[in-house]
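Engineer: Any chance you could fold what I've pasted below:
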Amino acid sequence: MTPLAGRRIVVTRSSSQAADFAARLRALGAEAIQFPTIEIVPPDSYDMLDSAIARLNTFDWVIFTSATGVEHFVQRLESLGRKTAELSEHLIGAIGPATAARLERCGLRAAAVPVEYRAEAIIDAIGEARIAGRSFLIPRAQVARQVLPELLHAKGARDVVVAPAYRTVSPHAPEVARIRELLATGSIDLVTFTSSSTASNFAAMVEPMTGTVRAAVIGPITAATARELGFSVVVAPAEYTVEALTHAIIQYFDARP
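Structural biologist: Residues are numbered from 1 along each chain as shown. Prediction:
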């Protein structure tokens, strides 16, 4: 069955993350164009992360906001001669099923996973009684929203350390001319965004053409960013996963003539 036959869909995830999603779309008949608008690289400095790892035993909670954060934190931990198993001595929070699944592959189990996959929701998943007086480490992207640390402080956290484990940058994209040409001729059916960064970087590459682009997005934050940039968000599944996004894309095209 090829429900996406004849559809041309752009995948903007980083090169290291795009292959699986693109393969899913191709298996359903789509022409999936991999056009990474972000690249994941080390932070400008590991000083804050290394300092946090050095006193890892002082944290009650370690909260991961993405699977990428898990991967890069574990890599840095092991590069410093520490063991991943040390994390099992802490309470772990995971925002999103992909983050929880990445922890499981490391032999770790999340003690709190919010029903809604956004930073604010993990406050309820943890519970105020387990926040007050506790110490939190959040290894995440170098540039990210400050909502979570601010909420933890507001709920009485004793200490909140945000340590950059990676950063996202705009990659060199030699296919920009082709993408702009396809957009100009109406030859792209959908562009997928899995984070605000993928949307904002795509917009910077193709401006002023965002108003002609139909977008499929993961999560309300990404949806809001895409709309602010002028994209027409036509697919935004209630569950914030690639699997749900794929299913929602199928439903969207099923409903179109």
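Engineer: make it CA atoms for all contacts and neighbour counts henceforth
Structural biologist: Fine.
Engineer: In the protein, what residue spans correspond to strands?
Structural biologist: 8-11, 31-34, 39-41, 61-64, 91-94, 135-141, 159-169, 190-193, 214-217, 232-235 (DSSP state E).
Engineer: hmm, who's touching the last one?
Structural biologist: Contacting residues not belonging to strand 232-235 are listed as 211-217, 223, 226-227, 245, 248-249, 252 [CA atoms under 8 Å, 6 or more residues apart in numbering].
Engineer: mind listing what it pairs with, with the direction of each?
Structural biologist: Here strand 232-235 is paired, per DSSP bridges, with strand 214-217 (parallel).
Engineer: Now do the buried residues in the strand it pairs with.
Structural biologist: 214, 215, 216, 217 (16 or more other CA atoms under 10 Å).
Engineer: just to revisit the earlier point, show me how to select, in PyMOL, the buried members of the contacts of strand 232-235.
Structural biologist: Only the buried entries of those go into this PyMOL selection, using 16+ other CA under 10 Å:
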select buried, resi 213+214+215+216+217+223+226+245+248+249
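Engineer: out of the contacts of strand 232-235, who's nearest residue 44?
Structural biologist: residue 226 (27.0 Å; CA to CA).
Engineer: where does this structure dip in pLDDT?
Structural biologist: Confidence mapping of the chain against pLDDT under 70 gives the ranges 1, 117, 173, 257.
Engineer: Mind splitting it into its structural domains?
Structural biologist: Annotated domains of the chain cover 8-38+171-254, 41-168 [automatic domain parsing].
Engineer: For residue 2, find the nearest of those domains.
Structural biologist: Per CA to CA, nearest to residue 2 of those: domain 8-38+171-254, 4.5 Å.
Engineer: Now find how far off-centre the closest one is within its chain.
Structural biologist: Chain-centre distance of domain 8-38+171-254: 14 Å, with CA atoms, centre = their mean, to the nearest Å.
Engineer: That domain: end-to-end distance?
Structural biologist: Domain 8-38+171-254 has an end-to-end distance of 15 Å (CA to CA, to the nearest Å).
Engineer: do the same with stretch 212-224
Structural biologist: Using CA to CA, the end-to-end distance of stretch 212-224 comes to 17 Å.
Engineer: The stretch 101-250 of the chain: helices as residue ranges?
Structural biologist: 122-126, 147-154, 176-184, 196-206, 220-228, 242-254 (DSSP state H, counting those that start in this stretch).
Engineer: Out of those helices, which is the most enclosed?
Structural biologist: Comparing the helices of the stretch 101-250 of the chain by mean neighbour count (mean count of other CA atoms under 10 Å), helix 196-206 ranks first with a mean of 20.
Engineer: In CSV, list the C-alpha atoms belonging to that one.
Structural biologist: Only the C-alpha atoms of helix 196-206 are listed here, as CSV (Å, rounded to 0.1, in the frame of the first residue of the first chain):
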residue,chain,number,x,y,z
SER,A,196,11.4,25.3,16.1
SER,A,197,15.0,25.4,14.9
THR,A,198,14.2,23.3,11.8
ALA,A,199,11.4,25.8,10.9
SER,A,200,13.3,29.0,11.6
ASN,A,201,16.3,27.9,9.7
PHE,A,202,14.2,26.7,6.7
ALA,A,203,12.5,30.1,6.6
ALA,A,204,15.9,31.9,6.6
MET,A,205,17.0,29.8,3.7
VAL,A,206,13.9,30.2,1.5
